[in-house]
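Novice: take this sequence and fold it.
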Amino acid sequence: MTNGNGTPEAGQAPQLNVLAQYTKDLSFENPNAPASLQPQGQQPQINIQINVNANNLAEHEFEVVLSVEGKAETAGKVMFSFELAYAGVFRIVNVPQENLHPLVMIECPRLLFPFAREIIATAVRDGGFPPLMLDPVDFVGLYRQNMERQMAAQGQVKPS
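Specialist: A predicted model of the protein is given here:
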């Protein structure tokens, strides 16, 4: 409910609802199988990259996409690689405008992460490897990093 000028009425509690969750894109590659499935004698080098994007779908609805890419290599050969774009549609109401962006870019991906983690673990296991259990992600740190990068790109100074 708004008071007519688009601002939330006093006393209305902030709400964050998950309307939908879904896999937008999933790719798993096992380019050197079956040789890559043999014991290698050394731990693979695993590189993971995580990004968050959001689109405003309606006045109070946002699509948040958690993108996770990873690659495992040993002795210079790719054992497996994957890309996952896991998304959710969130309804957010009664949240002050200055808190909306951090909420969308921190809390929403935090809610999506356990599901993305399970999809990746299952895909890697189904590829013939032990399940890859991703470590928890510091979405606050990721958000700050991205904001600093954006400010630097715009030539602005980092706030102290």
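Novice: separation between the residue lying closest to residue 73 once chain neighbours are set aside and residue 71?
Specialist: Distances taken as C-beta to C-beta, 6 or more residues apart in numbering put residue 45 closest to residue 73, at 5.0 Å, once the chain neighbours are dropped. (C-beta placed from N, C-alpha, C; glycine too.) Noted for residue 45: a distance of 9 Å to residue 71, by C-beta to C-beta, to the nearest Å.
Novice: coming back round to it: and the residue nearest to residue 73, how many neighbours?
Specialist: 12 (other C-beta atoms under 10 Å).
Novice: identify the residues contacting it.
Specialist: By C-beta atoms under 8 Å, 6 or more residues apart in numbering, the contact set of residue 45 is 72, 73, 74.
Novice: and the strands in this protein, which stretches?
Specialist: Under the criterion DSSP state E, strands of the chain are mapped to 15-29, 45-58, 61-74, 77-93.
Novice: of all the ones you listed, which one is nearest residue 101?
Specialist: strand 45-58 (8.5 Å; C-beta to C-beta).
Novice: how about that closest one: buried residues?
Specialist: Within strand 45-58, the residues that count as buried by 16 or more other C-beta atoms under 10 Å are 50, 52, 54.
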